[in-house]
Each structure stands twice: as C-alpha cells, then as structure tokens.
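**Q** Take this sequence and fold it.
(2 chains)
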Number of protein chains: 2
Amino acid sequence: MARGERNIRLIMEYDGTYYHGFQTQDDPTLPTIQCTLEKAILRICGERVRITGSGRTDAGAHAIGQVVNFPTNASIPIDRFPMALNSALPKDIRIKAADCVHREFHARFDAIAKTYHYVVDNTSFESVFWRNYAYHVSQPLDLDKIKAGGAVLVGTHDFASFQTSGSSAKTSVRTIYHFDVGAEGGLITFSIRANGFLYNMVRNIVGTLVEVGKGRLAVDAIPVILAARDRSKAGPTAPAHGLYLFEVDYDEGQALLNA
Amino acid sequence: MARGERNIRLIMEYDGTYYHGFQTQDDPTLPTIQCTLEKAILRICGERVRITGSGRTDAGAHAIGQVVNFPTNASIPIDRFPMALNSALPKDIRIKAADCVHREFHARFDAIAKTYHYVVDNTSFESVFWRNYAYHVSQPLDLDKIKAGGAVLVGTHDFASFQTSGSSAKTSVRTIYHFDVGAEGGLITFSIRANGFLYNMVRNIVGTLVEVGKGRLAVDAIPVILAARDRSKAGPTAPAHGLYLFEVDYDEGQALLNA
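**A** Okay, the predicted model is just below:
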C-alpha cells in the first residue's frame, strides 16, 4: 500500500444464483461477485482496485458474511461506504459493514477461521422458493446418523478424501472446530467451522453425510473414508446452491492495530 | 365440456418474480403463469386449452396453493399429471397435486374461501435472500397494534376503502373469516382468509396496517377508514413481492361429485 492509503474491509452478503462464482473469470463477460464489486468501487471511489476476498465461492453458492479488503485513497467517511457502495451494486449483492483495518490486513491470509452453512431441503416435494437456495433430497434423512458421522470429522485430520482435485493447497490437513446440524420445517442446516477449507470440502462432506443419512453408508464408514485419504472413497459432491459462506473470523486486535 | 372430456384440477406453487402476473397479457411476449402452464399442457396433452384460475395474482406475487382447472381428452392417468407437467414446466412453477373434478367445477366461481399470506422483512438491513419474497420495512413495527388493527377488519364489511380502482366487482362487501399475524426471526407474516378479495385488497390492508405498526396511524383510525368506503383514506399499497396466494377452499363434496 502507498502512503496515505486506507485499507478498507467490507462484510458482504450475496445471492450467488446469477454469478459465475466469486472470482473474476478469464472471460470478462461472465458476471462474478469480484468484478461486480470492483465496478461499484470504481464508480464510488473513482479508483480501479483489485479486491482481496477471504476465499472464492463457487458459481451458485451464496454468502452471508464474505469478507474482502481493498486499498483506497478516496476520502469517503468509512461509515458511508456501505450505503454508497450499495447504491452502485445490484440488489443481490449488499455491503453489510465496512471498517478501516491495519495496512497489512489481508482478508485471505489473516483469516483464522471460517464458518460455512449448507442447507438441504428434505421434503418430498421440492419447493420453488428453495430451488436456488437449498439442495433438495426427497428421501427422509436420519439426522442422528448425520450428527454421528459429522462428529467423527471434528478435530485435526488430513481431509484429502474430501478434497476435489485441482487444488493448489500445500497440505490437506485442516482442523474442524465445530460441526452441527439442525432441522426445522423440512430444512436441514449443516454448520461447519474450521481453520480453513480445501477445495469443495464442505460440499464433499455434506454429499457424504447425506449418503449416511439415507442409510446407504454406515456411520462407521466415515473414519475409514477419512483414513483412506482418497477422494474416490467418499460420497458425491453436494451442489453449490445449498452452500453459504456464513462468517470469517480474524484476530480483531491485530486487524485493527494502528488502523 | 364435450362428452368424454375430463375436468382436471391442479394445485400449483410458483415463484412469481419473473412473471408478468398470472393472467395472459395482450402482449404475448410477456411471460405469465397462465401462458406458461398452457404451453406445458399443449406439450404433454397435445391439446390447446384455456385454463381457469381461482384468481389472478399480480406481477411479482407468488403462490403456494393456486388452483386451476381445464378440460382434457388426454388419456394420461390422473396421478401422472403432476410429474408429466412438471417435466415440461420451468423450475419456478410446480404442480403439487392433480385430481379429476365434477364437469361443472370452476376454479374461480366455486371457490368458497381464499387465504393469502403476506411477508414483511422487518429487519434494519434488507437481506438479499428475501429481496423478491418479502416487503422490507426497516422501522420496527408494533405487532400488537397491527393485530388490534387487523381484528377490526374481521367479519362482513364493505371494503371499498381497501379496493384499488379498476375492479369490475359488483359489490365491495366481503367477509374476512380469519386474520392473523406472527413474527419469527425478523419476518412478520400476515394471514388473511376471506370469502373473496377485492382488487389489491390484501396489499392495501397490509400497507395500512404497516402504517399502524409504525405508529403513523392509530388503531382507532381503522374503523373510521373502513366506514369511509374511500380508498384515499387508507394507507399505501404494499408491494406485490411479499404476497402469496396460500390456499383456495372449495366444497369438496360438490367438486368431486360424479367426477
């Protein structure tokens, strides 16, 4: 960052239905969250910036608490940023909060934990209102089995069996701090908090646990799958449209240091 | 109906976001629920039919239990109709049920009651996920006042104050059987059951009761507005995208007679 620049952090919510994922694509005609936000920043701040996201989200996946940061010389007061950017953004992307952070703050490298939610519509009839927001599974799922299977994954493990190939991650060891699943009105919501996630990790875990919930896979198979470190042993990848990046955690003392 | 024809009743759910209302428009390029369903029937039954709906819904308004009927000579078994039609319909329109009804059954004339739901997103920050499915009101609403105001409307009254002009209804007297309002997680859901509804009646009632909930209009003003039989005395029309046609009731003994 140049002298005098501020480092702005945004918390954003988006409906990913009509976007080709978070990250700008090689084909500039494909709408992405990143390029849409960068256009809004250009309009409001008059600056061409490259935003840094806490991580990519897939095409069709959503966010309730995605975090990004970018440098700016614009003199807009920080508390005006959400309203100003929202006036330049389409209605399916909203800035919920903005603050000034430490000049070295990096939304991806500094994240200490992330929480994803995944929603399954477990009703016999697929509701039109959830078609883009939940994965429809008509077969009744056994919640207790899903909970037992998920509990096996909590802790520090090599999650190679739940990583779709094509990732550049140096290690496939991650720590899941928290796994929970709850049901309400036909919707089943998975919540997974970890220090980091491999490519498609949440979708592969959910796809595997849905097999457990259906009774096609035993709970006892989960530790075997985990130990195998082999993607082909786990279940299918659940679709992107049930996935929500819910929250990203930082060391706030560090993030706001000298900001 | 010709001899041998069956009269088919469908219960349908739709997300009205991308439709110009239920009814076919003069401009045939505008997508409507009716023309989309009639196209699907043509594809599945091989017949050009005119469906009869229980009532129109506005552009952007939704349905959870819209009812339509149409005549057909197609020999498809009745229990196959939902799946067959759903295979020919876009994902935002679903047939939930089908049955054969009395040859004289008419989805609009024979309805004895209808229930509408209206959803208000009463949070300070408008969620992207509710932008097409609830009316966002950021000012906190007093639910008790709304309940008290709504209670005044229950019973048989002349609802002219809550009717948008342009209606062809012979009388503006209707009977509201049930009014209820509930809150959960920032969403306020109105439920109104009546023997019939005037043009924009639910949206005008909700728009007026939101004024009561904000404290801009006293609960005591509601009987005065009702007695005035003057649309200009009531509150604004709440937007269509919070409105759901929830259920239509028929005399089932009559509907299924000799079907």
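
**Q** Surely A:Asn204 forms part of a strand?
**A** No - counting by DSSP: H, G, I helix; E, B strand; the rest coil, A:Asn204 is not part of a strand but helix.

**Q** Hmm, it is touching A:Gly235, no?
**A** Yes - with contacts counted by C-beta atoms under 8 Å, A:Asn204 reaches A:Gly235, the gap being 7.4 Å. C-betas here are computed from N, CA, C, even on glycine.

**Q** Overlap of the contact sets of these two?
**A** Contact with both A:Asn204 and A:Gly235 is made by no residue, according to C-beta atoms under 8 Å, 6 or more residues apart in numbering or on different chains.

**Q** can I assume A:Pro90 is in contact with A:Cys35?
**A** No - judged on C-beta under 8 Å, A:Pro90 makes no contact with A:Cys35 at a distance of 12.0 Å.

**Q** Which of the two has more residues huddled nearby?
**A** Taking neighbours as other C-beta atoms under 10 Å in any protein chain shown, A:Pro90 and A:Cys35 compare with A:Cys35 leading, 18 against 15.

**Q** would that one count as being in a strand?
**A** No - going by three-state DSSP, the assignment for A:Cys35 is helix, not a strand.

**Q** can you tell me how far it sits from B:Tyr118?
**A** 37 Å (C-beta to C-beta, to the nearest Å).

**Q** One more: A:Ala111?
**A** Applying C-beta to C-beta to A:Ala111 and B:Tyr118 gives a distance of 40 Å.

**Q** out of those two, which sits in the more crowded spot?
**A** B:Tyr118 (26 against 17).

**Q** For the stretch 101-250 of chain A, which residues are neighbours of chain B?
**A** Neighbours of chain B within the stretch 101-250 of chain A, by C-beta under 8 Å from any C-beta of the partner chain: A:Phe125, A:Glu126, A:Ser127, A:Val128, A:Phe129, A:Arg131, A:Tyr133.

**Q** Identify the residues contacting whichever residue of the stretch 151-259 of chain A sits closest to chain B.
**A** Residue of the stretch 151-259 of chain A nearest chain B, by C-beta to the nearest C-beta: A:Tyr244 (9.2 Å). By C-beta under 8 Å, 6+ apart, the residues touching A:Tyr244 are A:Ala61, A:His62, A:Ala63, A:Ile64, A:Tyr116, A:His117, A:Tyr118, A:Val119.

**Q** Can I get stretch A:244-259 in PDB, CA atoms only?
**A** The C-alpha trace of stretch A:244-259 is given here as PDB (Å, rounded to 0.1, in the frame of the first residue of the first chain):
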ATOM      1  CA  TYR A 244     -23.400 -20.300   2.300                       C
ATOM      2  CA  LEU A 245     -20.100 -18.700   3.400                       C
ATOM      3  CA  PHE A 246     -21.500 -17.600   6.800                       C
ATOM      4  CA  GLU A 247     -18.700 -16.000   8.700                       C
ATOM      5  CA  VAL A 248     -15.000 -15.300   8.600                       C
ATOM      6  CA  ASP A 249     -13.000 -14.800  11.800                       C
ATOM      7  CA  TYR A 250      -9.900 -12.700  12.300                       C
ATOM      8  CA  ASP A 251      -7.700 -11.700  15.200                       C
ATOM      9  CA  GLU A 252      -9.500  -8.400  15.700                       C
ATOM     10  CA  GLY A 253      -6.800  -6.900  17.800                       C
ATOM     11  CA  GLN A 254      -4.300  -7.500  15.000                       C
ATOM     12  CA  ALA A 255      -6.700  -6.400  12.200                       C
ATOM     13  CA  LEU A 256      -7.500  -3.100  13.800                       C
ATOM     14  CA  LEU A 257      -3.900  -2.400  15.100                       C
ATOM     15  CA  ASN A 258      -3.000   1.200  14.100                       C
ATOM     16  CA  ALA A 259      -5.800   1.200  11.600                       C
END
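
**Q** buried set for it?
**A** A:Tyr244, A:Leu245, A:Phe246, A:Glu247, A:Val248, A:Asp249, A:Tyr250, A:Ala255 (16 or more other C-beta atoms under 10 Å in any protein chain shown).

**Q** what's near enough to touch the nearest residue to the second one once chain neighbours are set aside?
**A** It refers to A:Leu245. Among residues not flanking A:Leu245 along the chain, A:Ala63 sits closest, at 4.2 Å (C-beta to C-beta, 6 or more residues apart in numbering or on different chains). Contact partners of A:Ala63, counting by C-beta under 8 Å, 6+ apart, are A:Met12, A:Glu13, A:Tyr14, A:Gly16, A:Phe22, A:Ile33, A:Thr57, A:Tyr244, A:Leu245.

**Q** mind checking the SS state of A:Ala63?
**A** strand.

**Q** Would you mind giving me the confidence score for it?
**A** pLDDT, A:Ala63: 97.

**Q** Looking at strand pairing, list the partners for it.
**A** Beta bridges link A:Ala63 to A:Tyr14, A:Leu245, judged by DSSP bridges.

**Q** And it, how far from A:Gly55?
**A** 10 Å.

**Q** shared neighbours, those two?
**A** Joint contacts of A:Ala63 and A:Gly55 (C-beta under 8 Å, 6+ apart) are A:Phe22, A:Leu245.

**Q** mind putting the buried residues of stretch A:244-259 in JSON lines, pLDDT included?
**A** Formatted as JSON lines, the buried residues of stretch A:244-259 follow (pLDDT from 0 to 100):
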{"residue": "A:Tyr244", "pLDDT": "98"}
{"residue": "A:Leu245", "pLDDT": "97"}
{"residue": "A:Phe246", "pLDDT": "97"}
{"residue": "A:Glu247", "pLDDT": "97"}
{"residue": "A:Val248", "pLDDT": "97"}
{"residue": "A:Asp249", "pLDDT": "97"}
{"residue": "A:Tyr250", "pLDDT": "96"}
{"residue": "A:Ala255", "pLDDT": "81"}
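
**Q** Closest one to B:Lys39 out of those, please.
**A** A:Tyr244 (34.5 Å; C-beta to C-beta).

**Q** how close does that closest one sit to A:Tyr116?
**A** Taking C-beta to C-beta, one finds A:Tyr244 at 7 Å from A:Tyr116.

**Q** Kindly report the same for A:Gly186.
**A** Counting by C-beta to C-beta, the gap from A:Gly186 to A:Tyr116 is 21 Å.

**Q** Count residues in the vicinity of the closest residue to chain B within the stretch 51-200 of chain A, would you?
**A** In the stretch 51-200 of chain A, no residue comes nearer to chain B than A:Val128, which is 4.5 Å away by C-beta to the nearest C-beta. Using other C-beta under 10 Å, A:Val128 has 22 neighbouring residues.

**Q** doesn't B:Lys91 make contact with it?
**A** Yes - counting by C-beta under 8 Å, A:Val128 touches B:Lys91, with 7.0 Å between them.

**Q** hang on, the earlier thing: in a markdown table, list the residues of the stretch 101-250 of chain A next to chain B along with pLDDT and distance to B:Arg231.
**A** Below are those laid out as a markdown table (pLDDT from 0 to 100; distance: C-beta to C-beta, whole Å):
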| residue | pLDDT | distance to B:Arg231 |
| --- | --- | --- |
| A:Phe125 | 86 | 39 |
| A:Glu126 | 86 | 40 |
| A:Ser127 | 90 | 35 |
| A:Val128 | 95 | 33 |
| A:Phe129 | 95 | 31 |
| A:Arg131 | 95 | 37 |
| A:Tyr133 | 97 | 37 |
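
**Q** Just among the residues you listed, which is most surrounded?
**A** With neighbours taken as other C-beta under 10 Å, the top of these is A:Val128, carrying 22 neighbours.

**Q** tell me the pLDDT at A:Met1?
**A** At A:Met1, the model reports a pLDDT of 58.

**Q** Quick check: A:Ala113 touching A:His178?
**A** No - with contacts counted by C-beta under 8 Å, A:Ala113 stays clear of A:His178, the gap being 9.0 Å.
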